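> Give me coordinates for this.
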Amino acid sequence: MSGTEPKSEAFEVAETGEPAAGRGTSSTSKKRCVYEQYVQPCLVELFATAMFVFVGCASVIGSVGIAGAVQPALAHGLALGVLIMVFGKISGGHFNPAVSLSVYLCGGMKLILLVPYVLAQISGGMIGAGLARAMYPADLYSASLGGAFQPMSSELAKCMLGEVMMTLIVTMVVCMGAVNSQTSTPGAAFCIGLIVSANIFAGGLTSGACMNPARAFGPAVVANHWSHHWIYWVGPLCGALLTVSFIRYCVMIFLSQ
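Alright, predicted model coming up:
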């Protein structure tokens, strides 16, 4: 994850090896440093989020008529794990506004990058959804709503609870497995992809198991489908805030003892 000064001795942000400009750095080197720290990570978030949403939407569209959530669950989890493994050293591998919010509030990224990351992720979501629409026939696309989310239960409160809890689990794995140097693991990318797949198996029949506002927003724009769309923003963001609260007031107290 993109690092900054740790906000707590108990929760320490892992080193990322960001380039630093020395006293004798030339103008070209300074520009390169700015590019590598601020521009390149946002471009990576845009590109990788587009690829993730493309695979996710395509897996949903292609699974029309197939019972179960096996195909979407495996496609989302495997794609996310691989993309984090490949691009994590550059941008942190967020690809999700809820993840970026939780990482920032835990001290794992700079404030100046938060809004650009979210905008890049949302833009990437629309690009990925557009590519999925271009690949599939119109009738198959319409039958699956283009991979857009729609609560499968009429009880919206339960769908909301599902999004909160599933996002809490994902963001907890990200913050504790990839951001905190005391608990981080080399297998964080695998763990994150695996928990996303597990959540889709667990909650796919209620809310659709979004856990990612960018994943919901892109297909909603391309397919013009906004049914109860607010759930897929409020739920994940509340889950991210609960993760931060738990880490700040429970985990850090335990680690500091």
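
> from here on, contacts and neighbour counts on C-alpha atoms
Will do.

> residue closest to the middle of this protein?
residue 96 (2.6 Å; C-alpha atoms, centre = their mean).

> residues touching that residue, list them.
When contacts are counted by C-alpha atoms under 8 Å, 6 or more residues apart in numbering, residue 96 touches 49, 118, 121, 212-215.

> show me where pLDDT drops low in the stretch 151-257 of the chain?
251-257 (pLDDT under 70).

> ranges for the helices of it?
For the stretch 151-257 of the chain, the helices defined by DSSP state H, counting those that start in this stretch occupy 156-174, 188-203, 213-223, 231-246, 252-256.

> tell me the most buried of the ones you listed?
Highest mean neighbour count of those: helix 213-223, a mean of 25 (counted as mean count of other C-alpha atoms under 10 Å).

> who's in contact with stretch 156-171?
98-99, 102, 151, 153, 192, 195-196, 199, 203, 206-207, 209-212, 231-232, 234-240, 242-243.

> who wins for proximity to residue 80 among the helices of the stretch 151-257 of the chain?
Nearest to residue 80, of all those, is helix 188-203, at 5.4 Å by C-alpha to C-alpha.

> May I have that closest one as CSV, with CA atoms only?
Extracted in CSV, the C-alpha atoms of helix 188-203 (Å, rounded to 0.1, in the frame of the first residue of the first chain):
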residue,chain,number,x,y,z
ALA,A,188,-2.1,-11.1,1.3
ALA,A,189,-3.2,-11.0,-2.4
PHE,A,190,-4.2,-14.7,-2.2
CYS,A,191,-6.1,-14.1,1.1
ILE,A,192,-8.0,-11.1,-0.3
GLY,A,193,-9.0,-12.9,-3.4
LEU,A,194,-10.1,-15.9,-1.4
ILE,A,195,-12.2,-13.9,1.0
VAL,A,196,-13.9,-12.1,-1.9
SER,A,197,-14.8,-15.5,-3.4
ALA,A,198,-16.0,-16.8,0.0
ASN,A,199,-18.2,-13.7,0.5
ILE,A,200,-19.8,-14.2,-2.9
PHE,A,201,-20.6,-17.8,-2.0
ALA,A,202,-22.0,-16.6,1.3
GLY,A,203,-24.0,-13.5,0.3
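
> which other residues reach that helix?
Under the criterion C-alpha under 8 Å, 6+ apart, residues 69-70, 72-74, 76-82, 84-85, 162, 166, 169-170, 173-174, 177-178, 208-210 lie in contact with helix 188-203.

> just the buried members of the residues you listed?
With neighbours counted by 16 or more other C-alpha atoms under 10 Å, the contacts of helix 188-203 contain buried members at 69, 72-74, 76-82, 84-85, 162, 166, 169-170, 173-174, 177-178, 208-210.

> Could you pull up the mean pLDDT of stretch 126-138?
Average pLDDT, stretch 126-138: 96.
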